[in-house]
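Undergrad: Based on what follows, work out the 3D shape:
(3 chains, ligands or ions: 2)
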Amino acid sequence: MKIVVCFKTLADYPMLTERDWRVDEQHQVDLAWVRQVYNCYDESALELALQLAHDGPDAAACETTALSIDDSRADLFLRHLYAVQYDRAVRIDCGEEVDLRFNPLAVSLLLASYIREIGGQQLVLIGSEGGMGDNRQTGFLVAERLGWPCIREVIDVVPEESRECLCVTSRREGAVLTQTVGLPLVLVIGNVLRSPYLRVPTLKEKLAGKKKQVLVLSPTDLAIAPDNLSGNDRTLVGLFRQRQDRQCVMLAGENAREKAKTLYHQYLAERLKG
Amino acid sequence: MKAAMVMHADADILLQAAELNSLLAGPADHLDSLEMWLLYHEKPPENIPRFAYPLAAIRLLQVDAPDVPEAVLHVLQQIQSNRKMDMLLFCSDGLGQELCTRLAYRLGGSSALTVERCLVVDATIAVERPVYGNNLMARIRLELRPYCLSVAKKGKGSPLEATRDTAFFETVNLPPLQIDWLKAWAIEVDEGESALAAAEIVLAVGNGVQSRENMQKMQVVADTLGAEIGASRPVVMSAWSDMNRLIGMSGHILSPRICIAAGVSGAGVFRGGIRNSRFLVAINTDKQAAIFEIADVGIVDDLFAVLFELESIVRKATAQNDAVAAQERQNGD
Amino acid sequence: MALSREAIVEQLQKIAGPEQVITDEQVLKENSHDRYRKLQSVFGIYALPLPAAVVKLTDVEQVSAVLKFLNENKINCVPRTGGSATEGGLETIVENSVVLDGSGMNRIIKIDADNMLATAQCGVNLEVLENQLRAQGFTTGHSPQSKPLAQMGGLVATRSIGQFSTLYGAIEDMVVGLEAVFPNGQITRIKNVPRRACGPDIRHVIIGNEGALCYITEVTVKMFTYQPENNLFFGYALDNMKTGFAILREIMVTGFRPSIARLYDAEDGAQHGFDQFAEGKCLLIFMTEGPKGISRATGEGIEEIVARYDECRKVNTQIIENWFNHLNWDPSKVQAERDFMRKNLNLGFTTEVSGNWSCINTIYENTIKRIREEFPHAEDLTMLGGHSSHSYQTGTNMYFVYDYNVVNCAMEEELEKYHVPLNAMIVEETLKAGGSMVHHHGIGKYRTPWTKEEHGSAYYILKALKDVFDPNGIMNTGTIYPLK
Ligand SMILES: Cc1cc2nc3c(=O)[nH]c(=O)nc-3n(C[C@H](O)[C@H](O)[C@H](O)COP(=O)(O)OP(=O)(O)OC[C@H]3O[C@@H](n4cnc5c(N)ncnc54)[C@H](O)[C@@H]3O)c2cc1C
Ligand SMILES: Cc1cc2nc3c(=O)[nH]c(=O)nc-3n(C[C@H](O)[C@H](O)[C@H](O)COP(=O)(O)OP(=O)(O)OC[C@H]3O[C@@H](n4cnc5c(N)ncnc54)[C@H](O)[C@@H]3O)c2cc1C
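TA: Ligands and ions are numbered 1, 2, ... in the order given. Have a look, this model is predicted:
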């Protein structure tokens, strides 16, 4: 089985303060100085794929690929993925001119083209949300482009006993769904309780990972003309910070007891009655 | 412009309707007709929401594998090829988002999810939706018809009223899709979800709670306050609380009467889940915590100290009220 | 004859009141250890003898009465406040020990803006005190990473140090006066004066005693003017630690006192994401503060000195400022670490040492080399590096950081297999080069095999303190002083 995990790192937003959210004329926010982290959904997906591939009995027959569309800043992460034993680390670089933030159609075109033309994987894992545009559509669109079935909000996947199929668990509104499915398949990964964090590579593995080459591809390598990327079903026309319209009153008091009293008597007593 | 709302009878359609209804405010004046496409599995629903806009038709679409979006898409594709809508509106849940995205792709239209506002600008559709981890709002113009939108979760709000007037129901029969990749499936109902979604009072607990044991103590506080417990991602990921208690862009979006957020730092993605609370209290030891930016009242202190104290005050007050009520009843006799 | 567990509890209840004496098993378990055994505690393993009771202390007279009782009956006690100790100082290794928990003595007694003195009980959380001071325009100048966790008693008892030490000094430079209770019940108060020459400075018997000599009940520290608006940040990427040490030295001996002066090696820097901005590089970080002119002049001085080293490349200061704003460990970070340890069986420890300028680079290089070559489980290491974070006129510290995967070993054996030998190598290399084996966490219970070597002939003085003040050996047995 060949597995590909599509991931995108993102700026560690909780590190930013109110004044850091400045949008310029080109609808850009300067986040170059903010540390990037794995999107938590992608991180779960990356670990889940490793467990699926390496911890089963036919580990030797499995091949794992980590794939990201990003600039060279992602190479650090891709080499880290080599260190945790990904077989391939691939980056698609579209250059600075292409703005993919609000263009999941183009993102899915790149990913699907790689999978079809070069990678040849049968199983795709992809985080359910994240990325600057928070589009939440990439996984679905990859499935559409490949013409494969897709399961959303996946929380676990293990090989089925016969090894022909996968056993996929996903969340539905108010329910948990377990499906036995064949390949090929796209899994959109949600909150994975079993393996939220990526394993930690040893020093030796890190060193080995650093020596490996990340495969960098351009859209042309995937037979995609630049025009095809700029086509989009939508156009960003504004980006702004919403004003917070509440004024927080900070309750003073000698200690917690007094503050709790004030909270109850001045604010909650009436409201609790409904 | 002709629009259809795609809804599914498995979930609470009155709530779905309330969310969709709010989206219609923008394009309402430009609608020539509005219909509802109601997907159902075994039997059609009896109650139909009463919309603020007149419905031209309600079309019932039966799908035999409701948990297989491919099957649903197949049905929707066929009806759209007959009806040729300019705009398709989808629910806020996972299914709504998936259908919206994939159908738009198949139809060559435009799509956007988590749409908070829909506007008509110069005869084109523009939407506003949260981006950058809910730290910014984007305005996006949709370029291609049909415009497919999945509405942002709104929290409970007030569900639309129901009508039993099924006069203009029309059952559409379409050939189903053969699904060969799905070998077996089972679905297990997971209680609790609706309790939080419908709660008037919510105690939203974050990583500051520190342990499963402490979380149990929070349950005692919540019981006394008459609140339902909700939790941030780290809390559910540590399994201190069930996944169906998750609040935020990937979980519940709530708008209770009172929300007490304790020990949450207030990441944008979390804030989206409680921002619409009518009264919001934040308790955090860190006075810089971002949660205070959206609170009505803030307390910089240890959450346990404050909440245990509050619990005991409320417990006493309740006991007193009960006693007074009992007294009055006696006097009345 | 030794008192039974039940009798100890009964007597303590009489002295301190029944509500103050806790015997709940979960509480006893949590009070039997500190962060030295953090992995075991995540899995609910408590291998040490559980204390007979935890006594919630309320006031100095009660402390005196409790200590007197323990002393008369030769019952070992373990003082405790914030519980953030990392070196086993809180472990109850003796059967039927009594934990003396001062966290309830949490009153800020006085903020004296005239004399710039802040007096607090031992259980006052440093962050609480600091926030109160800042609200009035002052600061303690003390900012250990554990600021949200640690309390005044423990901070003084461990000779702790904060991130701004290069300007404000460490806790021993901040403490003005103290109140402490000795095992025989004697309450002692050292008055608050700016300086005196009235015999040896007896504060130093109390500061750093790690609960092995006396119980600290109250602390008075200096206050400084808080003017964060003048803070300036500087960051430089460079290739070698050796160059970095040389720059730190030059800045110090030239006479500049930035509040932060740090040097990360590439491995440790990567933990903070610095590799994203300067891959494979060491990183120098400075913060200057104080009155505007001084802060600016210090910054200019630093820039001028660093400019003379071709190896250095300036890093966007926003990166540094952002790093700085997210450095401290609050309880939620501790929680996140626990969750991660449980799910990944991966954890990290640190060992902090110091050395003069002439030997610090040798300590750094030899230690890293030795661990790489000699540590039998080097293949399980996931991180090995360190940083210097506190510089002085005469030298600096080195804070070694190492993480490992726990592989093929029972939870109970994890420390013996990994942390103990790693810690030993660092201590040995440091002592060999002429440095000090503990820079700021305290000796605790695991670096005691080297206490005598550390002090050499001066161990005579150290030992005499124990003999005189704690002749029955009831104060935190096995801490600082090796078990006989
Ligand atoms: C794509 C994406 C989607 C996400 N979606 C969601 C989502 O839907 N929901 C969600 O919650 N998260 C989501 N997250 C995670 C989110 O970024 C934050 O990590 C998370 O919300 C932080 O949770 P927290 O505030 O509980 O924890 P922390 O950030 O750890 O904050 C804990 C807070 O508790 C305070 N505290 C500690 N002890 C005490 C005490 N004794 N008394 C009072 N206060 C105390 C601390 O000061 C701190 O502010 C998402 C992340 C990504 C990348
Ligand atoms: C995440 C983290 C970061 C840290 N960062 C730093 C740092 O930057 N700088 C630094 O110096 N240290 C640091 N430490 C170590 C620790 O925080 C300090 O040693 C701190 O001073 C301990 O204070 P506490 O109140 O938690 O004491 P405790 O952990 O309760 O006790 C520490 C020691 O002091 C003794 N003791 C406690 N109270 C008293 C008392 N009233 N009288 C006598 N003895 C007493 C105890 O017996 C024990 O030996 C860090 C620890 C953690 C977990």
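Undergrad: phi, psi of C:Thr166?
TA: Main-chain torsions, C:Thr166, degrees, to the nearest 10: phi -60, psi -30.
Undergrad: if you skip the residues just before and after it, what's nearest to it?
TA: C:Ala261 (4.8 Å; Cβ to Cβ, 6 or more residues apart in numbering or on different chains). For every residue, glycine as well, the C-beta is placed using N, CA and C.
Undergrad: That neighbour contacts C:Leu248, doesn't it?
TA: Yes - between C:Ala261 and C:Leu248 there is a contact under Cβ atoms under 8 Å: 5.8 Å.
Undergrad: how about the residue of the stretch 51-200 of chain B found nearest ligand 2, secondary structure?
TA: Going by Cβ to the nearest ligand atom, ligand 2 is nearest to B:Gly133 of the stretch 51-200 of chain B, at 26.8 Å. Here B:Gly133 is recorded as coil under DSSP: H, G, I helix; E, B strand; the rest coil.
Undergrad: Can you give me the distance of C:Ile206 to C:Leu213?
TA: 7 Å (Cβ to Cβ, to the nearest Å).
Undergrad: My error: substitute B:Ile299 in the last question.
TA: In terms of Cβ to Cβ, B:Ile299 sits 40 Å off from C:Leu213.
Undergrad: again with C:Ile319
TA: 44 Å.
Undergrad: Where does the residue nearest to C:Thr166 sit, in terms of helix or strand?
TA: Assigned by DSSP states H and E, C:Ala261 belongs to strand C:260-264.
Undergrad: how about that strand, does it reach ligand 2?
TA: No - figure legend: strand C:260-264 not in contact with ligand 2 (Cβ under 6 Å from any ligand atom); closest approach 11.7 Å.
Undergrad: Show the subsequent helix or strand relative to that strand.
TA: helix C:266-271.
Undergrad: Could you export stretch A:159-178 as CSV, keeping only the C-alpha atoms?
TA: Presented in CSV, the C-alpha positions along stretch A:159-178 are these (Å, rounded to 0.1, in the frame of the first residue of the first chain):
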residue,chain,number,x,y,z
PRO,A,159,-6.1,-2.4,8.5
GLU,A,160,-9.0,-4.8,8.4
GLU,A,161,-8.1,-8.4,9.2
SER,A,162,-8.0,-9.7,5.7
ARG,A,163,-5.6,-6.8,4.9
GLU,A,164,-7.6,-6.2,1.7
CYS,A,165,-9.6,-3.4,3.3
LEU,A,166,-9.3,-0.6,5.8
CYS,A,167,-11.5,-0.2,8.9
VAL,A,168,-12.2,3.6,9.1
THR,A,169,-13.9,5.3,12.1
SER,A,170,-15.3,8.7,11.7
ARG,A,171,-17.5,11.1,13.6
ARG,A,172,-21.0,12.1,12.5
GLU,A,173,-23.3,14.5,14.2
GLY,A,174,-24.1,12.7,17.4
ALA,A,175,-22.7,9.4,16.3
VAL,A,176,-19.6,7.4,15.4
LEU,A,177,-19.5,5.6,12.1
THR,A,178,-17.3,2.6,11.4
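Undergrad: Please see if that stretch touches ligand 1.
TA: No - Stretch A:159-178 lies out of reach of ligand 1 by Cβ under 6 Å from any ligand atom, never closer than 13.2 Å.
Undergrad: List the buried residues in that stretch.
TA: Across stretch A:159-178, burial judged by 16 or more other Cβ atoms under 10 Å in any protein chain shown covers A:159, A:165-177.
Undergrad: How about stretch B:42-60?
TA: Under the neighbour-count criterion of 16+ other Cβ under 10 Å, stretch B:42-60 has B:44-45, B:48-49, B:51, B:55, B:58-60 buried.
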